[in-house]
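K.L.:
could you work out the structure for the sequence below:
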Amino acid sequence: MATATEPVTSREVLTGFGGVRRRETSVLRSASPGRLRELIAARPAGGLVARGAGLSYGDAAQNSTGVVVSTAAGAAIRLDRMAQTVTAAATTTFAEVLHRIVPAGFILPVLPESAHVTVGGAIAADVHGRNHAAAGSISAWVDQVELIDGTGSLRTLTTAADPEGLRATLGGMGLTGIILSATIRLLPVESSMLRVVSDRTADLDATLSLLAGSATQYAVARVDATAFGAALGRGVVDCADHAGLADLPAADQRLAYRQRTPLQVPALPLPLLTPLSARAINTAHFRRAPVSRSGLADIPTFFHRLDVVQGWNWAAGRAGLIRYQLAVPAGAETVLAAVLENLRRNNCAPVLGTLMRLGPADGGPLSFAVPGWCLAVDIPAGQHRLGQLLTWLDMQVAGAGGRVGLAEDTRLGEYAFNAMYGPVSDWRDARSRLDPHGLFQSDLGRRVGLC
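P.N.:
Below is the predicted model of the structure:
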């Protein structure tokens, strides 16, 4: 029976969005700050980590030897129109924030692929969007983070009050404390529509050239990850800017954010994603796209394509999906080609390849981005020699001065992590101060040697 200093937990099987690592663990749900302090005071064996929406592909929000906590819903979203900021609880989703701020004429400066990502999860992963080259990651826009540290104390982290603690928490994968809320600066917009220009590219050189030459605020390529030979790296590049009122007919001038009802992928006994179906999906997307077109798109249509189909992450079957997300500096484009070519050559059925430019690395020590390029490919797990192939690709990425993203990772080891991120001594110093007992732990953190 639990004591007053040992909050009640339940045993649950948790996994990341990719469904690769299923682990039973103790879970404390909807915990108030008071209950969190009780848990911290009890110092549970195996430590604890906070969990948001569980949309990381990997095991960043899993703690199979300890406790996983979800915080209780906090105060209502607070919009400060004069300061152009929004303050929201860590459990608040991007969709909920957008519902509040878009009608007021604002947008979050960085939007991830899914609107269901929570504010706390986005900060812990230092998420980036399709405008990283211009706007950086979310860490560039966070004014304040409120968290409970490893002693149970409530801290308010700002660039003035605790810049080292703030930097360590931005992209810190939840290992510096439990985020309760954050204040984020906003961008003003005249409408909730975007002007989008889409162009089909014949190969990787053309895709990279179009992305590099784009002067728009947002630019992303959907790459055919199954193409080979002269067509390697072909894709469809979308470039967009926010539309002003002068660009729109009267019917599209209102400010609104409305999510669409997603399609549901039915549960099937056999996986939908195979080398043959992956090739068919990528080819169909490429051929269906016009050589060039322009038009208008609303916020969910342009930014949140992962939300269109619910349950698609289970299309690979019980083995799940691995997201291989890498960043390499400008000048290391041959690594991008090597990743695409080797995945195809080994018949790994890659789907949903995305490519975008990255700007300055303005995040914390564990933040993913380096100035150059980001490639992310979803691959059905459990394929023959996939692990060996990705380990070899890790070394190509590290050798070029690049990184594999921690938020989506399920397999990186300590050696490869150190080769990519270095000793991260500044982060470790800040973590030791915020969490002197090493209480905050996760499966990811132990796997790469962070805790």
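K.L.:
from here on, contacts and neighbour counts on C-alpha atoms
P.N.:
OK.
K.L.:
can you pull out the low-pLDDT segments for the protein?
P.N.:
1-7, 74-75, 266-270 (pLDDT under 70).
K.L.:
any idea how far residue 135 is from the residue nearest the centre of it?
P.N.:
For the chain, residue 127 is the residue whose C-alpha lies nearest the centre (C-alpha atoms, centre = their mean; 4.8 Å). Residue 127 is 12 Å from residue 135, where distance means C-alpha to C-alpha, to the nearest Å.
K.L.:
same question, residue 237
P.N.:
Per C-alpha to C-alpha, residue 237 is found 19 Å from residue 135.
K.L.:
give me the more crowded residue out of those two.
P.N.:
Just comparing residue 237 and residue 135: by other C-alpha atoms under 10 Å the higher neighbour count belongs to residue 237, 26 against 20.
K.L.:
would you list every one of the strands in the stretch 301-450 of the chain?
P.N.:
309-310, 321-329, 351-358, 372-380, 403-404 (DSSP state E, counting those that start in this stretch).
K.L.:
now swap in the stretch 51-200 of the chain and tell me
P.N.:
Here the stretch 51-200 of the chain has its strands, by DSSP E, counting those that start in this stretch, at 67-71, 78-80, 85-89, 106-107, 142-148, 154-158, 178-185, 187-188, 193-201.
K.L.:
how about CSV for those, with distance to residue 272 and mean neighbour count added?
P.N.:
As requested, those are exported to CSV (distance: least, C-alpha to C-alpha, whole Å; neighbours: other C-alpha atoms under 10 Å):
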stretch, distance to residue 272, mean neighbour count
strand 67-71, 31, 23
strand 78-80, 43, 16
strand 85-89, 37, 23
strand 106-107, 36, 24
strand 142-148, 40, 21
strand 154-158, 45, 18
strand 178-185, 37, 23
strand 187-188, 40, 14
strand 193-201, 26, 22
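K.L.:
could you dump these to CSV with distance to residue 364?
P.N.:
Compiled in CSV, the strands of the stretch 51-200 of the chain are given as follows (distance: least, C-alpha to C-alpha, whole Å):
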stretch, distance to residue 364
strand 67-71, 24
strand 78-80, 26
strand 85-89, 21
strand 106-107, 23
strand 142-148, 12
strand 154-158, 13
strand 178-185, 16
strand 187-188, 22
strand 193-201, 30
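K.L.:
how many neighbours does residue 262 have?
P.N.:
12.
K.L.:
pull the contacting residues for it.
P.N.:
307-310 (C-alpha atoms under 8 Å, 6 or more residues apart in numbering).
K.L.:
quick one: which of the residues you listed is most hemmed in?
P.N.:
Ranked by neighbour count (other C-alpha under 10 Å), the contacts of residue 262 have residue 307 at the top, with 20 neighbours.
K.L.:
who's in contact with the nearest residue to it once chain neighbours are set aside?
P.N.:
In this structure, residue 307 finds its nearest non-sequential neighbour in residue 114, 5.9 Å apart by C-alpha to C-alpha, 6 or more residues apart in numbering. Residue 114 is in contact with 303-307, counting by C-alpha under 8 Å, 6+ apart.
K.L.:
can you give me the helices in this protein?
P.N.:
For the chain, helices defined by DSSP state H occupy the ranges 33-42, 94-101, 119-125, 132-135, 163-169, 204-213, 275-288, 299-303, 333-345, 386-399, 414-421, 425-434, 443-447.
K.L.:
hmm, the residue nearest to the centre of the chain is touching residue 112, no?
P.N.:
Yes - using C-alpha atoms under 8 Å, residue 127 is in contact with residue 112, at 6.4 Å.
K.L.:
just to revisit the earlier point, which among the helices of the chain is found nearest to residue 16?
P.N.:
When the helices of the chain are compared by C-alpha to C-alpha, helix 443-447 sits nearest residue 16, at 11.2 Å.
K.L.:
ok, and what's touching that closest one?
P.N.:
With contact meaning C-alpha under 8 Å, 6+ apart, helix 443-447 is reached by 58-64, 175, 406, 410, 412-414, 451.
K.L.:
that one: how far from the chain's middle?
P.N.:
Chain-centre distance of helix 443-447: 17 Å, with C-alpha atoms, centre = their mean, to the nearest Å.
K.L.:
ok, stretch 354-366 next?
P.N.:
So, by C-alpha atoms, centre = their mean, the centroid of stretch 354-366 is 12 Å from its chain's centroid.
K.L.:
buried residues in that stretch, which are they?
P.N.:
Residues of stretch 354-366 classed as buried: 354-359, 361-366 (neighbour count, 16 or more other C-alpha atoms under 10 Å).
K.L.:
name the nearest of these relative to residue 69.
P.N.:
Proximity of the buried residues of stretch 354-366 to residue 69 (C-alpha to C-alpha) peaks at residue 366, which lies at 22.0 Å.
K.L.:
not counting sequence-adjacent ones, nearest residue to residue 300?
P.N.:
Leaving aside its sequence neighbours, residue 300 sits nearest to residue 259 (C-alpha to C-alpha, 6+ apart; 6.2 Å).
K.L.:
likewise for residue 210?
P.N.:
residue 237 (7.4 Å).
K.L.:
phi first, then psi, for the closest residue to residue 406 other than its chain neighbours.
P.N.:
Nearest non-adjacent residue to residue 406, counting by C-alpha to C-alpha, 6+ apart: residue 368, 7.1 Å away. With angles defined as degrees, to the nearest 10, residue 368 sits at phi -80, psi -40.
K.L.:
for residue 368, give me its contacts.
P.N.:
By C-alpha under 8 Å, 6+ apart, the neighbours of residue 368 are 126, 171, 327, 403-406.
K.L.:
in those residues, find the pair that's most separated.
P.N.:
171 and 327 (15.2 Å).
K.L.:
contacts only, for residue 417.
P.N.:
Contacts of residue 417 (C-alpha under 8 Å, 6+ apart): residue 448.
K.L.:
how close does it get to residue 450?
P.N.:
In terms of C-alpha to C-alpha, residue 417 sits 10 Å off from residue 450.
K.L.:
can you check residue 348 too?
P.N.:
Residue 348 is 30 Å from residue 450, by C-alpha to C-alpha.
K.L.:
equivalent analysis for residue 221, please.
P.N.:
Distance check for residue 221 against residue 450: by C-alpha to C-alpha, it reads 33 Å.
K.L.:
cool, and residue 356?
P.N.:
Residue 356 sits 28 Å away from residue 450, taking C-alpha to C-alpha as the criterion.
K.L.:
one more: residue 380?
P.N.:
27 Å.
K.L.:
which one's more surrounded, the two?
P.N.:
Counted by other C-alpha under 10 Å, residue 380 and residue 450 do not tie: residue 380 has more neighbours, with 28 against 18.
K.L.:
residues near residue 334, how many?
P.N.:
Residues near residue 334, counting by other C-alpha under 10 Å, number 12.
K.L.:
separation between it and residue 278?
P.N.:
Separation of residue 334 from residue 278 (C-alpha to C-alpha) stands at 24 Å.
K.L.:
ok, residue 32 next?
P.N.:
Counting by C-alpha to C-alpha - residue 32 and residue 278 are separated by 44 Å.
K.L.:
again, but for residue 98
P.N.:
Taking C-alpha to C-alpha, one finds residue 98 at 33 Å from residue 278.
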